[in-house]
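The amino acid sequence is not available; the structure is as follows:
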């Protein structure tokens, strides 16, 4: 059952050989190819919660580290810093800290002194005042560590920022400064910036990638990909083809939901004393999952969901509407032109609600 | 029709937790019952897993929660005290979700009202929780002695082994644990042997 642990670190899944390449060209491959040509380029990935952005960052890191003279470093910003207090300069300091960790006893005095400066800033961020000074220090540290090696930093978890302005401030100042210091940068940004006036922040990056959900209705290759993701974790002795397809459809094309639903189905099989997942286990897991997504919805939100369910129309006009997208009750597909649908696990619940007199 | 989450008793929840090491669970209970339910779940999980469960009160907010969780070594983590958290505090927990990632199960015991806030303000945490959200079934809090015995009878029949023979094989490492073996060990109160066959 641990093979279906959706809450586990994605790097563990990659390490265990569970990673399956998306059809077409994956975001990870695009980033790696572009950085190979332009090592100091900047990249922004945006996608829904659970769409596999962290996995793409980790795969991109591994591919970049296979290149000669490129060193890519993955960094979960929320582990290093309480990101409820994010400030311009933070990514610059964290970049300095990451590079400092590469310094050793044989490093030059300049490198050791610069590394210490970054450590002091990290300990006491209020002592950090000038972005320009930090940029120069970072460039000095990079040159001191290696004249030939290119460094690329991959910053994760900034997609969780609730306030798009906080992300925009960092993107505007830090990303440009990191590039000026001669490093490449890849950031994961909040989904909110896709909607409304904040979208302009994408222009601050050389490249922008949208990691969409897989359209299980209109993308046969996508559906096949989801089945392969499950097959990488379980054979048909545990998970028959019929259940695989059913899980892929019920996931709505969201990778984390796919794994979670498979895990839930496995749990149902286990509780019934079985070793093999049957369709009724999948349905039970989907029902539990859907019920969770129905919790806390107001009458106005239910009305929007019913409209999406019956007409496929969704116009995001309020924060609550955006909330429906971010919590994945409404799914947006970008297969050709945008298409909206409710999450497949809440569809039957909404149908029953509509039939209720 | 009812849109309530599926109901479960503490004993059934403990079995689910054993089935999914590393997963997150939410157990929705009336606020006045929280303390009692936390006690019941920790007892059931400890019996089933053979490991001590750690209880953490989250009422002091995100940073205190992270600090306390970091100090816990192994075993399930049972979190409660979410009822008074503001939207802002939930967002803060959501931002720091990575710091709560661990290899052992995490169980949130909270009221429906608090869970609604979680769903509204902490989408990343909600995603981590997956579908494992259950309401309290007060009627089904424990398996009765008869239910236990009936399940054990089915398992003995399935394997052709007695309880003692099965335990001896697990102790010798001569058996690869399947879900039914795990369930058997849990029913016998020998959850401490679960790690041997995994």
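Okay, I see it. Since this is a predicted model, take the numbers as computed values, not measurements.

Are we agreed that residue B:56 is in a strand?
Yes - under DSSP: H, G, I helix; E, B strand; the rest coil, residue B:56 sits within a strand.

Chain B: helices as residue ranges?
For chain B, the helices defined by DSSP state H occupy B:10-19, B:34-49, B:62-70, B:87-95, B:112-121, B:123-129, B:145-159, B:163-172, B:179-187.

which stretch in those helices is the model least sure about?
Sorting the helices of chain B by mean pLDDT places helix B:179-187 lowest, at a mean of 75.

what's in contact with that helix?
For helix B:179-187, the external contacting residues (CB atoms under 8 Å, 6 or more residues apart in numbering or on different chains) are A:1, A:269-270, A:273-275, B:14-15, B:18-19, B:47-48, B:143, B:148, B:151-152, B:155, B:158-159, B:163, B:166-167, B:170, B:175, B:177, B:191, B:193-194, B:197. (C-beta placed from N, C-alpha, C; glycine too.)

low-confidence ranges in chain A?
A:1-8, A:357 (pLDDT under 70).

Tell me which residue is most central in it.
With distances taken as CA atoms, centre = their mean, residue A:53 lies nearest the centre of chain A, 2.5 Å away.

what sits against it?
By CB under 8 Å, 6+ apart, the residues touching residue A:53 are A:27, A:45, A:47, A:156, A:159, A:188, A:211.

residue contacts, residue B:167?
Going by CB under 8 Å, 6+ apart, residue B:167 touches B:185, B:188, B:190, B:193.

between the residues you listed, which is closest to chain A?
Nearest to chain A among these is residue B:185, at 13.0 Å by CB to the nearest CB.

what sits opposite residue B:57 in the beta ladder?
residue B:80 (DSSP bridges).

That one is in contact with residue B:82, isn't it?
No - between residue B:57 and residue B:82 there is no contact under CB atoms under 8 Å: 9.5 Å.

For the two, work out which one has more neighbours and name it.
Each of residue B:57 and residue B:82 has its neighbours counted (other CB atoms under 10 Å in any protein chain shown); residue B:82 has more, 25 against 13.

hang on, isn't that one packed against residue B:114?
Yes - at 4.2 Å, residue B:82 counts as touching residue B:114 under the criterion of CB under 8 Å.

Check the contact lists of those two and give me the overlap.
With CB under 8 Å, 6+ apart as the test, residue B:82 and residue B:114 reach no residue in common.

which stretches of the stretch 251-357 of chain A form strands?
For the stretch 251-357 of chain A, applying DSSP state E, counting those that start in this stretch gives strands covering A:330-335, A:337-342.

Mind putting the ones you listed into JSON lines with distance to chain B and mean neighbour count?
Shown next, in JSON lines, are those (distance: least, CB to the nearest CB, whole Å; neighbours: other CB atoms under 10 Å in any protein chain shown):
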{"stretch": "strand A:330-335", "distance to chain B": "13", "mean neighbour count": "20"}
{"stretch": "strand A:337-342", "distance to chain B": "14", "mean neighbour count": "16"}
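
Adding distance to residue A:286, write the ones you listed out as JSON lines.
As requested, the strands of the stretch 251-357 of chain A are exported to JSON lines (distance: least, CB to CB, whole Å):
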{"stretch": "strand A:330-335", "distance to residue A:286": "15"}
{"stretch": "strand A:337-342", "distance to residue A:286": "13"}
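
sorry, back to before: what about the residue nearest to the centre of chain A, distance to chain B?
Distance, residue A:53 to chain B, using CB to the nearest CB, to the nearest Å: 11 Å.

coming back round to it: ranking the contacts of residue A:53 by neighbours, who comes first?
Busiest of those [other CB under 10 Å] is residue A:45, holding 28 neighbours.

For beta bridges, what are the partners of that one?
Residues in beta-bridge contact with residue A:45 (DSSP bridges): residue A:188, residue A:209.

if I look at it, how far off is chain B?
Counting by CB to the nearest CB, the gap from residue A:45 to chain B is 15 Å.

likewise residue A:39?
27 Å.

Likewise for residue A:74?
12 Å.

Would you mind pulling up the elements that the helix or strand where that residue lies packs against?
Following DSSP states H and E, the helix or strand that holds residue A:74 is strand A:70-76. Secondary-structure packing of strand A:70-76 (3 or more CB pairs under 8 Å, 6 or more residues apart in numbering or on different chains; DSSP states H and E): helix A:27-37, helix A:53-65, helix A:90-100, strand A:150-156.

and the last one, which strands flank it?
Read it as strand A:150-156. Counting by DSSP bridges, strand A:150-156 is paired with strand A:70-76 (parallel), strand A:184-189 (parallel).

any idea which helix or strand comes after that strand?
That would be, after strand A:150-156 and using DSSP H and E, helix A:164-170.

and for the helix or strand just after that next one, what are the contacting residues?
Sequence-wise, the next helix or strand downstream of helix A:164-170 (DSSP H and E) is helix A:176-180. Residues external to helix A:176-180 that are found in contact with it (CB under 8 Å, 6+ apart): A:40-42, A:91-92, A:95, A:131, A:134-135, A:138-139, A:153, A:184-185, A:204.
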